[in-house]
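Asks: A predicted structure for the sequence below; I have some questions about it.
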Amino acid sequence: MIPTPVSDYLRKRGVRAWSISGRTETLHAGAVIIPALAESPRLFHTLKSLAKNPPELLDRFLVLVVVNHREDAPPEDKTDNDATLKMLESGDAELSIPNLAWVDAASPGSEMPIKGGGVGLARKIGADLALPCLDYASCSPLLIYLDADTLVEPDYLHAITRHFQYSTAGGAVIPFRHQQPATYAEQQAIDTYELFLRCYVLGLEIAGSPYAFHTVGSAMACRAMDYARMGGMNSRAAGEDFYFLQQMHRVAGVSQLCGTVVHPSPRASHRVPFGTGRSMSRVLAGEPNAIVFHQSECFLILKEWLKLVADNLGSEAAQLMELAKGISPELTVFLDQTVFSPTWDKLRQNNKDHRSRHKAFHDWFDGLRTMKLVHHLSATAFPCCSPHECVPEFLRLAGEAPAERVADQLKTLQKRQFAP
């Protein structure tokens, strides 16, 4: 029996143009969703890493590969996806994954649309189609997101299932560390990019932001019921993971998982306008300032702003704006640009007690507005700089030992996420 929130979601917002191939009628404790776009050389390495998980856990999970491309995809991508479908259909005894299934969103007539087709839609297709295949009577089933070029460890499924046995949050982010690339130049590039990601989240943590978590699409999971309650995956072609986790946090919360590490690919790519692949391409092409870091002062201003609001929940907008001037003139410029004053007045009217008002504020001043404030401060008062110039101060503020080399700084911040 599918719970009402799930059936309502599927009726109103679920995808209907695709179907699952290769699965049995067994109901599952969860599903691992793997979008695959021209990944035939890499997908089966991902599946083989997943197959090293305990058989008793693999028996409980559906592993669903969404082979996808848009109607206007390059011919070589279509050829590659056709090869992937043929390999999945033939079956590979070496994989040892008992519940391996797939979605054909790549054959003529089944391709994703040009408008709205992308990794977000591929993730949504997989999750929406998996929902009716889950066992809601025996457990609180899970949806786990992975990528077709990402490797997992043998404790992957165990760590995820254990986490959700105890966590009250509906979503989780999984520790990640990029795979080791082939060349020294690539290693330097991916280390710098990953350090950038970790410094940003560390800055949010220092500021006390509730959005201080990573948003990596191949390193996140959620309860299926909360997926339905929060409106499901969006169909964005890029940044879908950021918006998904932001909305999940609003509805059910997001917590940090520990006990395993996923390993995304470090390869260069131009598929999306930002992210790992595009940043790697820019660095390896020798583009000046391809990866620059926000100064810690941006996050200290954010910290003061969040504390100001928390300490003055009964104040009117004009009072808050006057107090904000004492933090930073650029903060008040940003608040004016985002129409804070009338928004705050509405929040006060609609949320009479301080607790609900504080939550409503963070729902409005969300991860995206937080990022926009940091970008505004970086574009005005505190220009971006190199890791050598700013990372030592982040480490000091976080109470970490000093480190000068990018590789050592990265190890320090990785340990912060990996630790229980």
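Replies: Nice, I can see it. Numbers count the residues shown, from 1 in each chain.
Asks: which regions of the stretch 51-200 of the chain sit below the pLDDT cut-off?
Replies: Flagging of the stretch 51-200 of the chain using pLDDT under 70 yields the residue ranges 93-94.
Asks: Helices of that one, residue ranges please.
Replies: Assigned helices in the stretch 51-200 of the chain, in chain order: 55-58, 75-90, 119-130, 156-166, 184-207 (criterion: DSSP state H, counting those that start in this stretch).
Asks: Quick one, which of those helices gets closest to residue 111.
Replies: helix 75-90 (8.3 Å; CB to CB). Where C-beta positions appear, they are placed from N, C-alpha and C, glycine not excepted.
Asks: List the buried residues in the closest one.
Replies: 77, 78, 80, 81, 84, 85, 88 (16 or more other CB atoms under 10 Å).
Asks: Let me know how buried the closest residue to the fifth one other than its chain neighbours is, in neighbour terms.
Replies: Think residue 84. Using CB to CB, 6 or more residues apart in numbering and skipping residues adjacent in sequence, the residue nearest residue 84 is residue 40, 4.5 Å away. Other residues lying near residue 40 total 19 when counted by other CB atoms under 10 Å.
Asks: do the same with residue 383
Replies: Residue 383 has 11 neighbouring residues, counting by other CB under 10 Å.
Asks: Out of the helices of the stretch 51-200 of the chain, which is closest to residue 232?
Replies: With CB to CB as the yardstick, what comes closest out of the helices of the stretch 51-200 of the chain is helix 119-130 (6.1 Å).
Asks: Show me the contact partners of that closest one.
Replies: Outside helix 119-130, the residues that touch it by CB atoms under 8 Å, 6 or more residues apart in numbering are 10, 14-15, 18-20, 31, 33-35, 37, 62, 64, 66, 68, 103, 105, 112, 143, 145, 217, 224, 227, 232-238, 240, 244, 272.
Asks: out of those residues, which are buried?
Replies: Among those, the ones that count as buried by 16+ other CB under 10 Å are 10, 14-15, 18, 20, 31, 33-35, 37, 62, 64, 66, 68, 103, 105, 112, 143, 145, 217, 224, 227, 232-238, 240, 244, 272.
Asks: residue boundaries of the helices in the stretch 251-400 of the chain?
Replies: Counting by DSSP H, counting those that start in this stretch, the stretch 251-400 of the chain has helices at residues 276-284, 296-311, 317-325, 329-337, 340-350, 354-364, 367-379, 387-397.
Asks: Could you say which one of those helices comes nearest to residue 190?
Replies: Of the helices of the stretch 251-400 of the chain, nearest to residue 190 by CB to CB is helix 276-284, at 6.5 Å.
Asks: Would you mind stating the distance between residue 244 and residue 185?
Replies: To residue 185, residue 244 is 33 Å away according to CB to CB, to the nearest Å.
Asks: and what of residue 78?
Replies: Distance from residue 78 to residue 185, by CB to CB: 32 Å.
Asks: any idea which of the helices of the stretch 251-400 of the chain scores lowest on pLDDT?
Replies: Looking at those, the lowest mean pLDDT belongs to helix 276-284 (a mean of 64).
Asks: Look at stretch 9-28 and report the distance between its end residues.
Replies: Counting by CA to CA, to the nearest Å, you get 19 Å between the two ends of stretch 9-28.
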